[in-house]
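A.B. asks: build me a model from this:
(2 chains)
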Protein chains: 2
Amino acid sequence: MTDRRSDPLSPTRRNLLRASAALAGAAAATPRAAGADTGDNLPPNVPAWMKTQGAPVLSPPYGEPSPFEKTVVRRQRTRTQTQTAASSQTPLQDLHGIITPSGLHFERHHAGVPAIDPAQHRLMLHGMVERPLIFSMDDLARFPSVSRVHFLECSGNGSWAGLGTEATVQQTHGLISCSEWTGVLLSTVLGEAGVKPGAAWVLAEGADASAMSRSIPIGNALDDAILAYAQNGERLRPEQGYPLRLFLPGLEGNMSVKWLRRLKVGDQPFETREETSKYTDLMPDGTARQFTFVMEARSVITFPSGGQRLADRGFVEISGLAWSGRGRITRVDVSTDGGASWRDAVLQAPVMSKCLTRFRCPWTWTGEVARLQSRATDQTGYVQQSKAELVDARGLNSGYHLNAIHEWRLAPDGAVTNEV
Amino acid sequence: MTDRRSDPLSPTRRNLLRASAALAGAAAATPRAAGADTGDNLPPNVPAWMKTQGAPVLSPPYGEPSPFEKTVVRRQRTRTQTQTAASSQTPLQDLHGIITPSGLHFERHHAGVPAIDPAQHRLMLHGMVERPLIFSMDDLARFPSVSRVHFLECSGNGSWAGLGTEATVQQTHGLISCSEWTGVLLSTVLGEAGVKPGAAWVLAEGADASAMSRSIPIGNALDDAILAYAQNGERLRPEQGYPLRLFLPGLEGNMSVKWLRRLKVGDQPFETREETSKYTDLMPDGTARQFTFVMEARSVITFPSGGQRLADRGFVEISGLAWSGRGRITRVDVSTDGGASWRDAVLQAPVMSKCLTRFRCPWTWTGEVARLQSRATDQTGYVQQSKAELVDARGLNSGYHLNAIHEWRLAPDGAVTNEV
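C.D. replies: The predicted structure is shown next:
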């Protein structure tokens, strides 16, 4: 993608030098006389940690983050009185690139996280198929597999009513994460069973205590749906459906049913609790939009973002994430003046379909108040809209499918706040 | 890449059906009468874990793998009498896709893992530069950043003498891992300092108790070298150099100096301990090859691999990893008869430069003895060679840069062993 970016924003040598020049006036790159810094641990002194042997290799066989990163954790979102029907949010403000560490993937559970023995777990496939089948995990592992990097976003990611000025991007957008998913294409398994003529929907049911259930259009099931058993190289985390989940690229997260135990093929939607009482969009006229599956194009700036503070004026690399449930992101525009003017951001390659895309936009902050926005465009030509436009069309009755342009306010003292 | 694969091996509907047909004769996809399986937890019964609420969302804020996956861990490689100068290997046999979970990234330390406070850590850049500089972590975070997915491989990955028949792929090839790395291009920071005419090498020194040091050619430093502070989305793990490491895509792992504290630009190599007494290749004539940086193209089959056992005859998806320090993998051939004949494997897209590439090759096992091999080709046209060819050229005195074709032996009972 980088090749077709407009020259003024491409990371050419000329731009890097300009960025460096901006930095040169700040503390960042000011030469310091050796030893003039504070502390005995700074160059050219030998720091304390070079004077003793470090921790041995034996521990830990499965590693963890540095103790200095202990604040980088998921944040629980307390919407209900129970801890089992709840969610937690990914700390997007602390993350880099596009991969979400599996330990920080957002969660949304309807009855907590079941502890499932994979040796006992089974997937039943029945309904309008020639051959009803039951698969063990070993059975599924024998099928041809695929690995694809995709985002997963909860349809309830974001607040239509708006959050306070103190909100961080973890609070405003933290119900999205991105992983490399590996598993069997659902189309492969459906082909094995033989879908009968007239089949139009597939019921997916989870093995949690809520028996979380959704109806999936057969077109999506036969397209790129995955019976996923691995995430970021290893087997699924318990919170992500261990040992098996459905994964529907680009569609609202709850359809990617975790702890998948049953698929039933039918000729009409199954009208489960989660597609009648929940996960519908109540419109101003009192009707409800049902089966609003696709997560439309969206983006957000993660640096600088709410709760962060710029240390200094000068060069700032504005950075964020963009995604679309309809395919690839083709363009992200960034504004520092509340949408009055826009600049074309650089997209980190490779740009993948239905995947987070990291964008970056070099900027020189001269200390004025700034209103930072990003606007995504996807391969269908869809352009992310303002919240006012979305509210005009859909009202404020629904808690789902908010994908509006988001604004952070940068104050002269460097503080960044959420624009309500 | 998939588009240009030859038709017989591409995952077309025709091939999937052929694969399914193979499976249909095996236990994998045999229809089972509902309830005929063992255990009350199997469909259509409601399993025990659906009858109670699961674990609440609050715990854990930073997630971990399922307790059922506790055997998927790094394996310590005990070559020395100390636990601080040692290594651990990635369990490639248990992994999927190309991303290595950060908790399972291989390790190689010379004096253990230092515990470094990022607020106190500094990087000093001096020598043949116009402006000697000292950077804090906050300083480095202000520079333009890049995120790239690359493998990292220890030059000592593999045994020239050969391991026993019981060896797993974790033992034979486990000193390689792959992550999304984020940081500042070293060229950006060198540009800031101003490299003086005649500069040809850069010394990189780590802040561990061994002051691990290597000389880097200025060409590599100005090409794609990264001052990396993040890995797979989050800040580096302690074992990977927290808070800062040098990352040199495609070059032998020890040059990507962890806990990076100093870069000194010079006009000749610094001849450190780790490039004179170690990390040189002793040839049959008694001379040593020095500065053998690039990790040449290599591949290995991870399934089926040593210690695994095929449950049944019929369809088998042979799967593995290929990589090259010189760029992209363009082709992987798979043999099931010890190299007498070869078939073109499918490469998982996107295929990235200096990055692990997952390959897959559908195969029907009829129960005979099989000798499984893979052979990688990279964008330079280099083709992975046999061990005999490598030994002819380089002898058996060196422990480094083994990249030979590897063979697993599949016995009629399904057992897979290492071919010595």
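
A.B. asks: where does chain A dip in pLDDT?
C.D. replies: A:1-39, A:58-59, A:78-80 (pLDDT under 70).

A.B. asks: so it: which segments form each domain?
C.D. replies: By the record's domain assignment, chain A is partitioned as A:1-70, A:102-284, A:298-418 (automatic domain parsing).

A.B. asks: buried deepest among these, which one?
C.D. replies: A comparison of these by mean neighbour count, using mean count of other C-beta atoms under 10 Å in any protein chain shown, puts domain A:102-284 on top with a mean of 21. All C-beta atoms are positioned from the backbone trio N, CA, C, and that covers glycine.

A.B. asks: so which helix or strand takes in the residue nearest to A:Glu252 when sequence neighbours are not counted?
C.D. replies: The spatially closest residue to A:Glu252, leaving aside those adjacent along the chain, is A:Ser155, at 3.6 Å (C-beta to C-beta, 6 or more residues apart in numbering or on different chains). Take DSSP states H and E as the rule and A:Ser155 turns out to sit in neither a helix nor a strand.

A.B. asks: next up, the contacts around A:Ser155.
C.D. replies: Applying C-beta atoms under 8 Å, 6 or more residues apart in numbering or on different chains to A:Ser155 gives the contacts A:Glu252, A:Gly253, A:Asn254, A:Tyr279, A:Thr292, A:Met295, A:Tyr400, A:His401.

A.B. asks: so how far is the first residue of stretch A:155-174 from its last?
C.D. replies: Start-to-end span of stretch A:155-174 (C-alpha to C-alpha, to the nearest Å) is 12 Å.

A.B. asks: could you do stretch A:95-106 as well?
C.D. replies: 13 Å.

A.B. asks: which stretches in the stretch 51-200 of chain A count as helices?
C.D. replies: Per DSSP state H, counting those that start in this stretch, the stretch 51-200 of chain A carries helices over the ranges A:137-141, A:169-173, A:186-193.

A.B. asks: what's the closest of these to A:His121?
C.D. replies: Closest to A:His121 of the helices of the stretch 51-200 of chain A, according to C-beta to C-beta: helix A:137-141, at 5.9 Å.

A.B. asks: that closest one near chain B at all?
C.D. replies: Yes: judged by C-beta under 8 Å from any C-beta of the partner chain, helix A:137-141 and chain B are in contact via A:Asp138, A:Asp139.

A.B. asks: elements contacting that helix?
C.D. replies: Packing partners of helix A:137-141 (3 or more C-beta pairs under 8 Å, 6 or more residues apart in numbering or on different chains; DSSP states H and E): strand A:226-231.

A.B. asks: JSON lines please, covering the contacts of A:Ser155 and showing distance to B:Ser187 and secondary structure.
C.D. replies: Shown next, in JSON lines, are the contacts of A:Ser155 (distance: C-beta to C-beta, whole Å; DSSP: H, G, I helix; E, B strand; the rest coil):
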{"residue": "A:Glu252", "distance to B:Ser187": "42", "secondary structure": "coil"}
{"residue": "A:Gly253", "distance to B:Ser187": "40", "secondary structure": "helix"}
{"residue": "A:Asn254", "distance to B:Ser187": "45", "secondary structure": "helix"}
{"residue": "A:Tyr279", "distance to B:Ser187": "48", "secondary structure": "coil"}
{"residue": "A:Thr292", "distance to B:Ser187": "46", "secondary structure": "coil"}
{"residue": "A:Met295", "distance to B:Ser187": "37", "secondary structure": "coil"}
{"residue": "A:Tyr400", "distance to B:Ser187": "45", "secondary structure": "coil"}
{"residue": "A:His401", "distance to B:Ser187": "43", "secondary structure": "coil"}
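
A.B. asks: just send the residues you listed back as TSV, with distance to A:Gln240 too.
C.D. replies: Shown next, in TSV, are the contacts of A:Ser155 (distance: C-beta to C-beta, whole Å):
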residue	distance to A:Gln240
A:Glu252	16
A:Gly253	11
A:Asn254	13
A:Tyr279	19
A:Thr292	23
A:Met295	17
A:Tyr400	21
A:His401	22
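
A.B. asks: and those residues, which is closest to A:Ala340?
C.D. replies: A:Ala340 has its nearest neighbour among the contacts of A:Ser155 in A:His401, at 27.1 Å by C-beta to C-beta.

A.B. asks: from what I can see the closest one touches A:Thr292, true?
C.D. replies: Yes: A:His401 is within contact range of A:Thr292, at 5.9 Å (criterion: C-beta atoms under 8 Å).

A.B. asks: name the nearest residue to the residue in the stretch 101-250 of chain A that chain B sits nearest to, sequence neighbours excluded.
C.D. replies: The nearest approach of the stretch 101-250 of chain A to chain B comes at A:Gly112, 2.9 Å away (C-beta to the nearest C-beta). Distance criterion C-beta to C-beta, 6+ apart; nearest residue to A:Gly112, sequence neighbours excluded, is B:Gly54 at 2.9 Å.

A.B. asks: who are the contact partners of that neighbour?
C.D. replies: B:Gly54 makes contact with A:Thr84, A:His109, A:Ala111, A:Gly112, A:Val113, A:Pro114, A:Ala115, A:Asp208, A:Ala209, according to C-beta under 8 Å, 6+ apart.

A.B. asks: A:Pro118 now?
C.D. replies: A:Met137, A:Arg235, A:Tyr242, A:Pro243, B:Ser66, B:Phe68.

A.B. asks: backbone dihedrals for it, please?
C.D. replies: Note on A:Pro118: backbone dihedrals following degrees, to the nearest 10 are phi -60, psi -30.

A.B. asks: quick one: the strands in the stretch 201-350 of chain A?
C.D. replies: Ranges of strands in the stretch 201-350 of chain A, per DSSP state E, counting those that start in this stretch, are A:201-206, A:213-217, A:226-231, A:234-235, A:245-247, A:260-266, A:281-282, A:288-289, A:298-303, A:314-323, A:329-335, A:343-344, A:346-347.

A.B. asks: strand partners of the third one, parallel vs antiparallel please.
C.D. replies: In other words, strand A:226-231. strand A:176-185 (antiparallel), strand A:234-235 (antiparallel), strand A:245-247 (antiparallel) (DSSP bridges).
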